[in-house]
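*Asks:* Pasting a predicted model and its sequence here:
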Amino acid sequence: MSKRGKNHRSSSDKVDRNRQYEANEAITLLKECSYTKFDETVDVAFNLGVNPRHADQMVRGAVVYPSGLGKTVRVLVFAKGDKAAEAKEAGADFVGDMDMVTKIQEGWLDFDKVIATPDMMGLVGRIGRVLGPRGLMPNPKVGTVTFNVTQAVGEMKAGRVEFRVDKAGVVHAPIGKVSFEVDALQANLNALVETLVRLKPASAKGTYMKQGVLTSTMGPGIHLDVGQLQAAVKQ
């Protein structure tokens with residue numbers, strides 16, 4: 001068996017598959033289970049009691065983490081005139097209009113997030129088939145189509161994460177890096193849970209947050225006590 005296989009099996013053996021862990025304990029265990037030489041990303045998945053096929057049960061939104069995400073985010077802003085100057089002042093990495101559309105049409109994709117002012121959306125629509133499948137298309141519902149570019153750029157740089165429920169009713173989101181302190185990861189996890197609870201559709205019946213699983217890039221899944229998580233953010 002390879003060394004990676006042994007390491008993975010060894011870390012998996014530390015996790016009780018039949019147990020739901022409180023957040024603090026789950027994060028501590030996840031850090032103990034990490035064995036890679038790189039700084040793994042910490043992800044969480046929540047199985048929600050919604051039917052995404054119904055428009056009124058689509059859960060979609062964004063959260064700005066108090067502890068950030070631990071990585072540099074390259075932000076592209078489509079804007080012109082004063083708004084373009086504002087975007088540059090706010091720290092956007094790339095700012096433009098038709099010139100950026102042309103670059104993207106030619107294959108340039110060296111950015112992580114896209115913001116557009118509303119008057120630019122006709123132009124941005126020309127590259128929708130490039131941005132859409134990559135989850136990069138600006139959308140007013142999550143605040144990436146806005147004239148308030150200073151706030152939008154600031155949030156992206158601070159570690160703003162967009163999420164949406166998939167066809168199976170599951171929301172996936174990163175919450176930081178394994179190198180983060182336990183308290184920092186817990187603060188980010190709480191912020192995500194608080195946002196999800198706030199976005200609960202009025203038409204969703206029964207248990208809303210059914211299950212939660214915490215993982216790192218190479219680590220085992222750790223089941224979360226979702227009841228405790230929800231109670232913590234409601235206090």
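*Replies:* That came in fine, so what should we check first?

*Asks:* count of neighbours near residue 198?
*Replies:* Residues within reach of residue 198, counting by other C-beta atoms under 10 Å, total 10. To be clear about C-beta, it is placed using only N, CA and C from the backbone, and glycine gets the same treatment.

*Asks:* State the distance from it to residue 76.
*Replies:* 29 Å (C-beta to C-beta, to the nearest Å).

*Asks:* Quick check: bridge partners of the residue most central in space within the chain?
*Replies:* Against the mean C-alpha coordinate of the chain, by C-alpha atoms, centre = their mean, the closest residue is residue 161 at 3.5 Å. Beta bridges link residue 161 to residue 63 when assigned by DSSP bridges.

*Asks:* residues touching it, list them.
*Replies:* Residues in contact with residue 161 (C-beta atoms under 8 Å, 6 or more residues apart in numbering) are 62-63, 65, 69, 173-174, 192.

*Asks:* Out of those residues, flag the one nearest to residue 23.
*Replies:* residue 192 (11.0 Å; C-beta to C-beta).

*Asks:* Distance-wise, check that closest one relative to residue 40.
*Replies:* 18 Å.

*Asks:* surely residue 121 meets residue 146?
*Replies:* No - contact criterion C-beta atoms under 8 Å: residue 121 and residue 146 do not qualify, at 11.0 Å.

*Asks:* buried ones in the helix or strand containing residue 86?
*Replies:* Using DSSP states H and E, residue 86 sits within helix 81-90. For helix 81-90, burial by neighbour count (16 or more other C-beta atoms under 10 Å) applies to 83-84, 86-88, 90.

*Asks:* Dump these into JSON lines; add pLDDT and distance to residue 46 as well.
*Replies:* As requested, the buried residues of helix 81-90 are exported to JSON lines (pLDDT from 0 to 100; distance: C-beta to C-beta, whole Å):
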{"residue": "83", "pLDDT": "97", "distance to residue 46": "36"}
{"residue": "84", "pLDDT": "97", "distance to residue 46": "38"}
{"residue": "86", "pLDDT": "97", "distance to residue 46": "36"}
{"residue": "87", "pLDDT": "97", "distance to residue 46": "33"}
{"residue": "88", "pLDDT": "97", "distance to residue 46": "37"}
{"residue": "90", "pLDDT": "96", "distance to residue 46": "32"}
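
*Asks:* what's the closest of those to residue 101?
*Replies:* Using C-beta to C-beta, these come closest to residue 101 at residue 84, 14.0 Å.

*Asks:* okay but that closest one is in contact with residue 96, surely?
*Replies:* Yes - in this structure residue 84 lies within contact range of residue 96 using C-beta under 8 Å: 7.3 Å.

*Asks:* Show me how far the lengthiest helix in the chain is from its chain's centre.
*Replies:* The helix spanning the most residues in the chain, taking DSSP state H as the definition, is helix 182-198. Once both centres are worked out by C-alpha atoms, centre = their mean, to the nearest Å, helix 182-198 turns out to sit 12 Å from its chain's centre.

*Asks:* so what secondary structure elements neighbour it?
*Replies:* On a contact count with 3 or more C-beta pairs under 8 Å, 6 or more residues apart in numbering; DSSP states H and E, helix 182-198 meets helix 23-33, strand 41-48, strand 60-64, strand 170-177, strand 209-216, helix 226-234.

*Asks:* Okay, now the unreliable bits of this protein?
*Replies:* 1-12, 235 (pLDDT under 70).

*Asks:* State the distance from the spatially closest residue to residue 77 that is not a sequence neighbour to residue 29.
*Replies:* Of all residues not flanking residue 77 in the chain, residue 87 sits nearest, at 3.9 Å (C-beta to C-beta, 6 or more residues apart in numbering). Using C-beta to C-beta, residue 87 is found at 42 Å from residue 29.
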